[in-house]
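Chemist: Fold the following, please.
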Amino acid sequence: MSGIREEDPNTVVRPLLGGIQIQSGIYVNSPYHWGTLGCVYQVGNRLLGFTNYHVLFGGVSPETVAAHYVGKLAVYQNLNEPGNRIGTAAEYFSRELDYATFYLQVPLDGLQSLNSIGGLLTTYGYPRIGMQVMKSGAATGVTHGIIDGRSCINTSELSIHLDPAYPVPDGIIANTGDSGSCWIQYDNPKAPKLIALHYAGGENLQWAKAKAFTSIFASVTAG
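Modeler: As a prediction, the model looks like this:
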């Protein structure tokens, strides 16, 4: 692990990394409504921060987001600290896929993409059953999982169970506050691949629900 940044995700982290706590300007007065900056990733010529739609916009309709929040809504990190604004909501989002993006306003780490995980995310992979993945979340840190399900009706929908090779306390793979984390394939530490965006936990928090990044990127590029 030498040379890999391992930051407290609930403090102000500069330069920016994925896997840290963020909060929407909508919830500036609520210290309990927060999520995770999954990653910052370049799509075409756009460098975007990725998290969940529900983290940035909650139950606000997509029509209201487009009309009133895009280009205006602030994204913060750790609201109890000064100078904590890190970006502004971007026009790429989907409530159905539960993703939202924002444009950065602070420096980004150019050597490491995710907190406590080495390597830069420069590509993505296609999810498949049995694939080993891992994530860095603001609530539970680094956990490991195995993709064990994909919806036949909605192919963006994935289920990820805890990898028994990497046990964690109480078997919790993700918890409240991890929403927006990125599940990655780490078979090559020099070139990890984005696989899915975490958005919820399953029963007993021992499995996770996620959206395939192949579907998310198709949505971004279509926009």
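Chemist: Give me the most central residue, this protein.
Modeler: Compute the mean C-alpha point of the chain, and by CA atoms, centre = their mean the closest residue is residue 38, 2.2 Å away.
Chemist: For it, what are phi and psi?
Modeler: Here the main-chain torsion angles of residue 38 (degrees, to the nearest 10) amount to phi -60, psi -50.
Chemist: correct me, but it touches residue 199?
Modeler: No - shown here, residue 38 and residue 199 do not form a contact pair, counting by CB atoms under 8 Å, at 10.0 Å. (C-beta placed from N, C-alpha, C; glycine too.)
Chemist: Return every residue with contacts to both of the two.
Modeler: residue 180 (CB atoms under 8 Å, 6 or more residues apart in numbering).
Chemist: just for the protein, where's the confidence low?
Modeler: Screening the chain residue by residue with the criterion pLDDT under 70, one finds the ranges 1-2, 80, 82.
Chemist: Please repeat the previous calculation with a cut-off of 90.
Modeler: Under the criterion of pLDDT under 90, the regions of the chain flagged as low confidence span 1-3, 28-33, 43-46, 78-83, 169-170, 188-191, 201-206, 222-223.
Chemist: So it: which segments form each domain?
Modeler: Annotated domains of the chain cover 20-104, 123-222 [automatic domain parsing].
Chemist: ok, back up a step: quick one: residues contacting the residue nearest to the centre of the chain.
Modeler: The neighbours of residue 38, taking CB under 8 Å, 6+ apart as the test, are 18-19, 50-51, 180-182, 197-198.
Chemist: Would you state the strands of this protein in chain order?
Modeler: 20-24, 35-37, 39-43, 46-51, 74-76, 85-94, 99-104, 123-124, 132-137, 141-150, 157-162, 182-185, 193-201, 207-212 (DSSP state E).
Chemist: so what secondary structure elements neighbour the shortest one?
Modeler: The criterion is 3 or more CB pairs under 8 Å, 6 or more residues apart in numbering; DSSP states H and E, and the helices and strands that strand 123-124 contacts are strand 193-201, helix 213-222.
Chemist: Among the ones you listed, which comes closest to residue 139?
Modeler: Nearest of these to residue 139, taken as CB to CB: strand 193-201 at 10.0 Å.
Chemist: what's the angle from the closest one to helix 213-222?
Modeler: Computed by axes from the mean of the first three to the mean of the last three CA atoms, to 10 degrees, the angle separating strand 193-201 from helix 213-222 equals 100 degrees.
Chemist: got the angle between strand 193-201 and strand 39-43?
Modeler: 130 degrees.
Chemist: Give me the buried positions along strand 193-201.
Modeler: 193-199, 201 (16 or more other CB atoms under 10 Å).
Chemist: and if you look at stretch 174-189?
Modeler: Neighbour counts using 16+ other CB under 10 Å place 174, 177-186 of stretch 174-189 among the buried residues.
Chemist: quick one: which of those is nearest to residue 56?
Modeler: Proximity of the buried residues of stretch 174-189 to residue 56 (CB to CB) peaks at residue 180, which lies at 8.7 Å.
Chemist: Surely that closest one and residue 39 touch.
Modeler: No - the pair residue 180 and residue 39 fails to qualify as a contact (CB under 8 Å) at a distance of 9.2 Å.
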